[in-house]
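Novice: My questions concern the predicted model and sequence given below.
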Amino acid sequence: MAEVQGTISSLQIAQQLLRDFSESCQQFTMLPDRLLDISVDLHAADLSLQNWQTKYDVQDRRPIVYMHVLFGRPGTEQIKRTLDGLKAVARTIREDVWKIIGRALRAKLLNTPDEDSRYNKVLVKDCLNTIRRSRLRSRDFTISVLRKADYLEMRLDRLHRKLSLLERYSEHYLEKEHPDIYQRIRRLPGRRVILKIGHPKHTAMQDSIVKAKSARKDAELLYRASPPGTKNLHIGLAVPQIHPKDFAFLLEHHGLTREVLLSPKLLPPLTDPSTLPSTIPKTLSSLLRHKDESCYILPPDANPKNGAFQLSFPATPLLTDLEHKDPLSALLRAPETAFSPQILYPLDRCAVACGVASAAFRLLGSPWAPFLECGNVRWRRGKEGRWTCMMRAAVGDQGLKRGLERCEREAREGFGRRDLRVHTQVFRAGLVMAELGLKRAVSYVDFDADAKVPRIFVETRHEGRGSGRDGRSEPVEMDAMEIAAEVERETNLHLANMVFSCLEVLQEKGTLAGDKVEERFCSDVLEEVKKLE
C-alpha cells in the first residue's frame with residue numbers, strides 16, 4: 001500500500017527537519033527542548049507504523065487481494081481509510097514543520113522555500129543569528145514557534161490515536177476473518193481467550209456464571225421488596241467490606257437516611273413465613289424497634305425455603321459517606337481545579353470501572369441493571385485504599401433511555417425478535433466504563449437504520465473534531481473500536497478491552513446472534529478486571 005510508505009516518508013522528513021532545526025536554535029530559550037521532544041514523538045510514531053507494516057508484511061508490490069485474504073473486504077476498506085487518515089495527518093505535520101523553518105528564513109528571504117527544496121543549515125543559522133540580534137524580533141519569533149509547536153502536538157495526538165486505531169482494527173478483522181487459527185494458538189495477555197470445554201479456566205468461568213445467576217435472583221427479589229414509594233434508594237455496586245453474597249442499601253426512612261445490609265439466609269426453624277414483612281421499609285421499622293433481635297424479610301413471591309434475607313445494620317458506615325458526593329456525570333463534565341470536591345485520577349477511574357463491571361455481572365437481567373449510568377453512580381476512596389461505589393435506583397438520562405430502547409427494539413426486529421435485554425444492559429455497562437476511561441461524557445446514543453447498529457456520540461475537545469465556535473465541546477460519533485483505542489491511550493489496554501467487549505455487543509452482528517453473552521462477559525471483561533486488580 002502506497003499510503004504506508006508515504007506516511008513513513010513524511011514522518012521521517014519531519015523528524016529530521018525538527019532535529020536539525022532544534023540544533024540551530026540552541027541560543028533560544030525553551031525552543032530546542034520543545035522541538036526535540038516533538039521530533040522524538042514523531043520517531044516513535046514512525047517506528048509504530050513500521051512495526052505494523054512488518055507484522056502484517058504490507059508492501060507496495062503486493063496486490064490488494066493479499067489484504068482481502070488477511071482482513072476481509074470490509075476490514076481492508078476500514079484499514080485503508082485509517083491509513084489515508086494517517087497519511088493526511090503526517091503530511092500536515094510535515095507542512096507545519098516547514099512553516100516553522102520558514103518563519104526563521106523570513107529574516108533574510110522574501111519568499112519561503114518550497115518543501116521540495118533541501119534544508120540549508122548554513123542559511124537557517126544565519127537567519128537565526130539575524131533574529132537573535134534584535135530582542136523584539138527574538139521574542140516574537142520564540143512566541144510564534146511555541147504557538148506552532150502547540151499545533152504540532154495536537155496533530156501528534158491525532159496521529160497516535162489513529163495508530164492505536166489501526167492496530168485494533170487490524171487485530172479485530174484478522175481474528176474475525178480467521179477464527180479457526182485463533183482457536184488453536186496460545187494468546188498473549190490482553191487478547192480475547194477462547195476456552196474449550198473441560199479447560200480448568202472454563203470450569204471456573206461456569207462456576208462464576210452460576211454464582212452470578214444466584215446473585216441476580218437475589219437482586220430481583222430485593223427489587224420486589226423495594227416498593228416504588230421508597231425514597232432515595234441506593235444499592236451498593238462495589239462494597240469491599242461485605243461478603244460477596246450480601247447487598248448494601250441506602251434509603252430514606254421517615255425522613256432519615258438509613259444504611260442496611262441484606263444477607264441471603266435460611267429461616268430459623270419454627271418461623272412462620274406469613275408473619276414476616278415483605279418490604280425493606282417495613283423490615284427496617286421492625287429492626288429499629290427490636291435492635292437486639294434478628295430481623296428477616298421474605299420478598300413477594302419468594303420461596304420461604306431459600307428466598308429469605310436477614311436485614312441488619314452494618315458495623316461501620318459503608319454508603320453513608322457517598323450520599324452527598326457528586327455523581328460521576330457531574331465530575332466528568334465539570335473542569336477539575338484545585339478546589340474540586342473530587343478528582344478522578346487514572347487509578348480511581350480504573351478502580352471504579354472494575355467495580356462497575358463486577359456489579360453489572362451480578363445485576364444483568366435484573367430490574368436494577370437499567371439504572372446503571374454515570375448520573376446514578378457515586379464513589380469514594382477510603383483511607384484503607386479501597387474504593388466503594390453505589391448506584392441510585394432511578395431512571396436518570398431520559399434521552400439515553402429512549403436511545404437504548406430504540407436500539408434494542410430495532411435490533412430485536414432484525415434478529416427474529418430475540419430477547420436482547422441482557423445485550424442492552426451489557427452495552428449500558430460499557431458506556432459507563434467508556435466514560436470513565438475517556439474522562440468524557442457520552443452525549444447520547446442513536447440508532448443507524450441503514451447499518452443496523454447504535455451510534456455513540458461522545459463529548460470531545462480535541463482539535464479538529466468537535467470544537468465549537470464558543471469553545472465548548474460538541475458530540476462526535478465514535479464506534480466501539482474508536483472508543484476502545486482512545487481509552488487505551490488515556491488509561492490502559494485492559495480497560496480498553498473491557499470497553500470494546502461491552503460496546504460491540506450491539507454493534508457486531510455475530511454477537512447479536514449469539515446466546516453466550518454472559519460467558520463472553522465473564523471471559524472478556526471479568527478476566528481483564530482480575531488483571532487490573
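Specialist: Looks like it arrived, so ask away.
Novice: Please, where are all the helices along the stretch 151-300 of the chain?
Specialist: Counting by DSSP state H, counting those that start in this stretch, the stretch 151-300 of the chain has helices at residues 179-183, 200-224, 280-289.
Novice: same question, the stretch 401-533 of the chain
Specialist: Using DSSP H, counting those that start in this stretch, helices in the stretch 401-533 of the chain cover 421-438, 480-490, 493-503, 509-513, 517-520, 527-532.
Novice: For Leu163, find the nearest of those helices.
Specialist: Nearest to Leu163, of all those, is helix 480-490, at 8.8 Å by CB to CB. (Each C-beta comes from the backbone N, C-alpha and C, glycine too.)
Novice: by how many degrees do the closest one and helix 421-438 diverge?
Specialist: Counting by axes from the mean of the first three to the mean of the last three CA atoms, to 10 degrees, helix 480-490 lies at 30 degrees to helix 421-438.
Novice: How far does the strand or helix carrying Ala330 sit from its chain's centre?
Specialist: For Ala330, the enclosing helix or strand under DSSP states H and E is helix 328-333. Chain-centre distance of helix 328-333: 14 Å, with CA atoms, centre = their mean, to the nearest Å.
Novice: if we can go back for a sec, looking at the helices of the stretch 401-533 of the chain, which is nearest to Ala411?
Specialist: It is, among the helices of the stretch 401-533 of the chain and with distance given as CB to CB, helix 509-513, at 5.9 Å.
Novice: Neighbours of the closest residue to Ala334 other than its chain neighbours, how many?
Specialist: The shortest distance from Ala334 to any non-neighbouring residue, by CB to CB, 6 or more residues apart in numbering, is to Ser340 (7.0 Å). If you count neighbours by other CB atoms under 10 Å, Ser340 ends up with 12.
Novice: sorry, back to before: tabulate the helices of the stretch 401-533 of the chain (a markdown table), appending mean pLDDT.
Specialist: Formatted as a markdown table, the helices of the stretch 401-533 of the chain follow (pLDDT from 0 to 100):
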| stretch | mean pLDDT |
| --- | --- |
| helix 421-438 | 93 |
| helix 480-490 | 90 |
| helix 493-503 | 92 |
| helix 509-513 | 61 |
| helix 517-520 | 84 |
| helix 527-532 | 90 |
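Novice: right, so of those, which gets closest to Ala14?
Specialist: Comparing the helices of the stretch 401-533 of the chain under CB to CB, the one sitting nearest is helix 480-490, at 20.8 Å.
Novice: In terms of secondary structure, what does that closest one contact?
Specialist: helix 135-177, helix 421-438, strand 453-460, helix 493-503 (3 or more CB pairs under 8 Å, 6 or more residues apart in numbering; DSSP states H and E).
Novice: Show me the domain layout of this protein.
Specialist: 2-183, 222-324, 371-380+395-532 (automatic domain parsing).
Novice: from the middle of its chain, how far away would the last one be?
Specialist: For domain 371-380+395-532, the distance from its own C-alpha centre to the chain's C-alpha centre is 8 Å (CA atoms, centre = their mean).
Novice: for the shortest one, same thing?
Specialist: Once both centres are worked out by CA atoms, centre = their mean, domain 222-324 turns out to sit 33 Å from its chain's centre.
Novice: Please read off the pLDDT at Leu31 from the model.
Specialist: Here, the pLDDT recorded for Leu31 equals 89.
Novice: Could you list the low-pLDDT ranges of the chain?
Specialist: Within the chain, the ranges that satisfy pLDDT under 70 run 1, 109-118, 181-203, 338-339, 414-418, 461-473, 508-515.
Novice: got the contact list for the residue minimising distance to the centre of it?
Specialist: In the chain, the C-alpha nearest the mean C-alpha coordinate belongs to Ala434, at 2.6 Å (CA atoms, centre = their mean). Contacts for Ala434 (CB atoms under 8 Å, 6 or more residues apart in numbering) come out as 442, 456, 458, 483, 487, 499, 503.
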